[in-house]
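# just need the structure, nothing else, for what follows:
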Amino acid sequence: QVQLVESGGGLVQAGGSLRLSCAASGRAFSAYAMGWFRQAPGKEREFVAAITRTGPFTYYADSVKGRFTISRDNVKNTVYLQMNSLKPEDTAVYYCAGDLAKYASGWTPNYWGQGTQVTVSS
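Below you'll find the predicted structure:
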């Protein structure tokens, strides 16, 4: 079992930056691909970014490419999401996701964090 705890959400003006952190405990963090998803009010949860366990290699949704950066620290068992040039449409609850696998339908995790709210004001 893996426990994921997010932090770093908050309120920011458009054009600003936030860095989300996700601390993992439990089984070997370095063995898992990790990622971030988000869910805006009235919308389905959507993929944001993923980072593989080796390489590492990173993947992004088109809507955040060039603005967001995912990274990981296997010593601290933590994955980060640096979000720059934030837009009001980035407003959502952001969820850390662990043990991701890529299927034809998209990235699918086995573990979820509880979520952290990000609000971008215009």
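
# drop to CA atoms for contacts and neighbour counts, all remaining ones
OK.

# burial of residue 9, as a residue count?
Residues lying near residue 9 (other C-alpha atoms under 10 Å) number 18.

# residue 68 too?
Residue 68, neighbours per other C-alpha under 10 Å, totals 20.

# could I get the average pLDDT for stretch 92-109?
Confidence for stretch 92-109, expressed as mean pLDDT, is 94.

# which stretches of this protein aren't confidently modelled?
By pLDDT under 70, the chain has no low-scoring segment.

# which stretches in it count as strands?
2-7, 10-13, 18-26, 34-39, 46-51, 58-60, 68-73, 78-83, 92-98, 101-103, 106-108, 111-112, 116-121 (DSSP state E).

# tell me how far residue 31 lies from residue 54.
Here the criterion is C-alpha to C-alpha, to the nearest Å. By it, residue 31 lies 8 Å from residue 54.

# please apply the same query to residue 14.
From residue 14 to residue 54 the distance is 34 Å (C-alpha to C-alpha).

# please identify which of the two sits among more neighbours.
Higher neighbour count among residue 14 and residue 54: residue 14, with 17 against 10, using other C-alpha under 10 Å.

# wait, the more buried one touches residue 121, no?
Yes - the pair residue 14 / residue 121 is scored as a contact, 5.7 Å apart, by C-alpha atoms under 8 Å.

# who touches both of these two?
87, 88 (C-alpha atoms under 8 Å, 6 or more residues apart in numbering).

# so what's the residue nearest to residue 27 when sequence neighbours are not counted bridging to?
Spatially, and ignoring its direct neighbours in sequence, residue 27 is nearest to residue 2 (5.9 Å; C-alpha to C-alpha, 6 or more residues apart in numbering). For residue 2, the beta-bridge partners are residue 26 (DSSP bridges).
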